[in-house]
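[1] following is a predicted model, sequence given first.
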Amino acid sequence: MAEAGKTVPDIELLLTGGKTARLSDYRGKWLVLYFYPKASTPGCTREGLDFKEAIYKFRRQSTTILGASRDSLKAQENFRAKQGFPFDLMADKEEILCQAFDVIKMKNMYGKKVRGIERSTFIIDDKGVLRHEWRGVKVKGHVAEVLETLKSLRKS
């Protein structure tokens, strides 16, 4: 389980573009890992587009962006291509990454209780240590807050 102040679990990731990676492959750079409920839905699209619009600001901070959901790799590929995201998305159908970051929650959907991803974002430093987390994220203004927090963490 990922915990603030500790090294994140070294999980293998299935990425868009037919790539695989491990969280440890991102050591040496900072990483923003964000979880969203479902590809190609309005809130998830807006959040991804906000990260896309700020990508150069994150790159100036030597930071990689990765998005993750339980969608299939095909759905992630389509979402990334349609929106032109300049970062990879992860397909976590088996919920291994989701469980490691404890983002699966019971949610209300049209009056029914369903298991789903709680929109969450994590900043992992260049040594693989979880430095900051947001849970129950509201999309509006979130990416700007992540960037400001990242800048302050990198200074400390």
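    Now that the structure is in, tell me what you want to look at. Please read all numbers here as calculations on a predicted model, not as lab measurements.
[2] can you list contacts of the strand or helix carrying Glu145?
    Under the criterion of DSSP states H and E, Glu145 resides in helix 142-155. Helix 142-155 is contacted from outside by 30, 32, 34, 47, 50-51, 53-54, 57-58, 61, 63, 121, 123, 125, 131-132, 134, using C-beta atoms under 8 Å, 6 or more residues apart in numbering. All C-beta spots, glycine's among them, are computed from the backbone N, C-alpha and C.
[3] which residue, other than its chain neighbours, is closest to Phe79?
    In space, and not counting its chain neighbours, Phe79 is closest to Ala39: 3.8 Å by C-beta to C-beta, 6 or more residues apart in numbering.
[4] check Pro86 too.
    Nearest to Pro86 is Ile55, by C-beta to C-beta, 6+ apart, at 5.1 Å.
[5] didn't that neighbour look like it was pressed against Ile65?
    Yes - with contact defined as C-beta atoms under 8 Å, Ile55 counts as touching Ile65 (6.7 Å).
[6] what do these two both touch?
    Phe87.
[7] remind me which helix or strand the spatially most central residue of the chain belongs to.
    A centroid search over the chain (C-alpha atoms, centre = their mean) returns Tyr34, at 1.7 Å, as the residue closest to the centre. Here Tyr34, judged by DSSP H and E, is contained in strand 30-35.
[8] quick one: that strand to chain centroid distance?
    Centre-to-centre, strand 30-35 and its host chain are 4 Å apart (C-alpha atoms, centre = their mean, to the nearest Å).
[9] got any ranges where the protein has weak pLDDT?
    Across the chain, nothing is flagged by pLDDT under 70.
[10] hmm, try it at 90
    Filtered on pLDDT under 90, the chain yields the residue ranges 1-5, 18, 106-115, 155-156.
[11] any idea how far the residue of the chain most remote from its centre is from Thr16?
    Ranking residues of the chain by C-alpha distance from their mean position (C-alpha atoms, centre = their mean) puts Gly111 at the top, at 27.2 Å. Distance of Gly111 to Thr16, computed by C-beta to C-beta, to the nearest Å: 34 Å.
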